[in-house]
Every structure is written in structure tokens, then in C-alpha cells.
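Participant: Any chance you can model this:
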Amino acid sequence: MEAPATILSLTQSTLSQKIITRFGDFFVNEKNELHGTVEMTTMDTLSDHEFDLASSLGFRVLMGKIMRLELTVTGKRYTSNNIINPATNKYKLNKNQTISISAKPSSLENALKAPLTPITLAADGVLTLLTVALIPFVFLSIVLHQQK
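Facilitator: A predicted model of the protein is given here:
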């Protein structure tokens, strides 16, 4: 997924060192579309220029010079071979972030699992019956071994 332009602008500005970013939960639907939230809050040490810049990017005043911007992020989930190498990425956040991404199983995954359920139950039943049938032989073997 491509990062929103606002976030990319922030990583290139003096504001980047004065923002605390929190990622909400992200969800992926069956079409590989990603939806989530990002909340960015400025520290109270903004210069007048940084305050104006933050305002122009959509930040709203919470108290004094503390400002917040909440974004809804949407996009398409990429496969791992399309991810940019972090070492060469020119857009970096202040610190590593952990982002929770949830995905519902696709219809295909559910369709493939459905026929396996009866087969799995039948296999478990057969193993249970074999175990129960072998218990007397194991017990007899233990008793005979102890008598020697």
C-alpha cells in the first residue's frame, strides 16, 4: 500500500521529529483492500513556522501548540516482493511501528476447509477407536513384562 501524501510530506519536514504517530488496527477484506487509521500528535515545542505547516497539512489544535491529525488510510495490500527495502527507503518514521493487520479468510479458503472437517473428524474417530482397542494389549504386555 502506498503511504498517504500527508505522511510522506511530514517525513520530509522539520515536523517529523516532533510528531508522535499511533497506528490503529488495519483490516484487509476479501479483495485485498486495506483500511486503517493513523493518528499523529505534535509535541508542544513547535515553532511558529512548524505550527503553520502542521495547520496547512490538516492538523487541528488540541491545546496550546499541541495538534492532532487523524487519517483513514486505504489501499491495496501488496505481496512481500513489492515492499521497498527499508535501508534504501527515503521516507522514514521516527521509530519502528508495530501495526496490527487482520484479514478475514477468503471464500476460497473457507471452501477448501469445509470438506476437510468431516475427513478430519473421521480420522480422529478411527485413531480413538484404535487407541481404545489397543489398551488391553498394552496393559497385558505391561503385566507380562512385570512377571518376568
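Participant: Verify the assumption that T37 is located in a strand.
Facilitator: Yes: assigned with DSSP: H, G, I helix; E, B strand; the rest coil, T37 falls within a strand.
Participant: That one and F27 touch, don't they?
Facilitator: No: with contact defined as C-beta atoms under 8 Å, T37 does not reach F27; the gap is 10.3 Å. All C-beta atoms are positioned from the backbone trio N, CA, C, and that covers glycine.
Participant: Give the buried residues for stretch 54-66.
Facilitator: Neighbour-count burial for stretch 54-66, with 16 or more other C-beta atoms under 10 Å as criterion, is recorded at 54, 57, 59, 65.
Participant: chain center to it, what's the gap?
Facilitator: The chain centre lies 28 Å from the centre of stretch 54-66; the measure is C-alpha atoms, centre = their mean, to the nearest Å.
Participant: Please apply the same query to stretch 20-28.
Facilitator: On C-alpha atoms, centre = their mean, the centre of stretch 20-28 falls 8 Å from the chain's centre.
Participant: This protein: strands as residue ranges?
Facilitator: All strands of the chain, identified by DSSP state E, fall at 19-28, 33-42, 60-63, 66-76, 101-103.
Participant: Parallel or antiparallel, list what pairs with the shortest one.
Facilitator: If I follow you right, that is strand 101-103. strand 19-28 (parallel) (DSSP bridges).
Participant: Distance from the partner strand to the middle of the chain?
Facilitator: Relative to its chain's centre, strand 19-28 lies at 10 Å (C-alpha atoms, centre = their mean).
Participant: what angle separates that strand from strand 33-42?
Facilitator: Going by axes from the mean of the first three to the mean of the last three C-alpha atoms, to 10 degrees, strand 19-28 is angled at 170 degrees with respect to strand 33-42.
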